[in-house]
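> build me a structure from this.
(2 chains)
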Amino acid sequence: GENVEQHPSTLSVQEGDSAVIKCTYSDSASNYFPWYKQELGKGPQLIIDIRSNVGEKKDQRIAVTLNKTAKHFSLHITETQPEDSAVYFCAASYGDSNYQLIWGAGTKLIIKP
Amino acid sequence: GAVVSQHPSWVICKSGTSVKIECRSLDFQATTMFWYRQFPKQSLMLMATSNEGSKATYEQGVEKDKFLINHASLTLSTLTVTSAHPEDSSFYICSAPDSTEAFFGQGTRLTVV
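Coordinates of the predicted model:
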């Protein structure tokens, strides 16, 4: 079945450095790839998303790249800050709805002061 | 932006009782809503897709009679955990998409004692 793999499971970076989280997906029909940030005890919050007709998207310190041929997409956070510490999930759409999602396992991002 | 409100945020119930969780889209109409379950330090797992005015679509392995879903209006979906057992203890999250993205509720922490 459809699958999304996410790496690494834990990422610790120094404040101010960049963080990169990578995902691969299996369903070639997937066309929507969101990234979510989840803080403890809360629901996920969309931080950036990309659709299959675009290779890269940037929003201030956050960027996402998509390689449809290789079925890879990545989240890049630059100039990391303590408030970036959270669990980040990638996801890929499947089925008839853009918002029916298969989720990666999550990456715990730790920003060291 | 659009808001999805989930209630209650936490609930403790006795084994054998039923618990209802509500998911409301506050400023948009959602013909489809999604219900997820999340175990500690794990990813979100889609349980079912709630369709306004029709039966929900359940993912493989999810018991329809145990997790009752009702989507009676364009702004409200409910998940009822029937005859709850301790193994049903989990974090339940709903999601409702508008035309641009999927919005998530704040989650419900269910503890069955």
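> who's in contact with A:R61?
With contact taken as C-beta atoms under 8 Å, 6 or more residues apart in numbering or on different chains, A:R61 is in contact with A:I77, A:T78, A:E79, A:T80. Backbone N, C-alpha and C define where each C-beta goes, glycine included.
> from A:R61, how far out is the second one?
Here the criterion is C-beta to C-beta, to the nearest Å. By it, A:T78 lies 5 Å from A:R61.
> re the thing from before, most neighbours among the contacts of A:R61, which one?
Ranked by neighbour count (other C-beta atoms under 10 Å in any protein chain shown), the contacts of A:R61 have A:I77 at the top, with 25 neighbours.
> which neighbours do A:T78 and A:R61 have in common?
Contacts common to A:T78 and A:R61, judged by C-beta under 8 Å, 6+ apart, are absent.
> circling back: which of the contacts of A:R61 lies closest to B:P86?
Minimum distance to B:P86 across the contacts of A:R61 is 38.1 Å, recorded for A:I77 (C-beta to C-beta).
> near chain B, which residues of chain A are found?
Applying C-beta under 8 Å from any C-beta of the partner chain, one finds that chain A approaches chain B through A:34, A:36, A:41-46, A:49, A:89, A:97-106.
> residue contacts, the residue minimising distance to the centre of chain B?
Nearest residue to the geometric centre of chain B (C-alpha atoms, centre = their mean): B:W35, 4.0 Å. By C-beta under 8 Å, 6+ apart, the residues touching B:W35 are B:23, B:46-50, B:67, B:69, B:77, B:79, B:92-95.
> also A:D49?
Applying C-beta under 8 Å, 6+ apart, we find A:D49 in contact with A:Y32, A:F33, A:P34, A:W35, A:K57, A:V64, B:E101.
> would you check that the last one makes contact with A:L46?
By that I understand B:E101. Yes - between B:E101 and A:L46 a contact is recorded at 5.5 Å, counting by C-beta atoms under 8 Å.
> ok, then the element right after the helix or strand of chain A with the lowest mean pLDDT?
Least confident helix or strand, chain A: strand A:97-103 with a mean of 83, by mean pLDDT, DSSP states H and E. Note on strand A:97-103: by DSSP states H and E, the next helix or strand toward the C-terminus is strand A:107-112.
> grab the nearest non-local neighbour of A:L66.
Closest residue in space to A:L66, ignoring its immediate chain neighbours: A:F73 at 4.5 Å, by C-beta to C-beta, 6 or more residues apart in numbering or on different chains.
> what's the answer for B:A102, then?
Spatially, and ignoring its direct neighbours in sequence, B:A102 is nearest to A:Y99 (4.2 Å; C-beta to C-beta, 6+ apart).
> distance check, that neighbour against B:V19.
26 Å.
> next one: A:K71
39 Å.
> where does pLDDT dip in chain A?
Applying pLDDT under 70 to chain A picks out no residues at all.
> just to revisit the earlier point, what do B:E101 and A:L46 both touch?
With C-beta under 8 Å, 6+ apart, B:E101 and A:L46 have common neighbours A:P34.
> any idea how many residues pack against B:M47?
By other C-beta under 10 Å, 23 other residues sit near B:M47.
> given the longest strand anywhere in chain A, what are its sheet partners and their directions?
Ranked by residue count and defined by DSSP state E, the top strand of chain A is strand A:86-94. Paired strands of strand A:86-94, with direction, are strand A:32-38 (antiparallel), strand A:97-103 (antiparallel), strand A:107-112 (antiparallel) (DSSP bridges).
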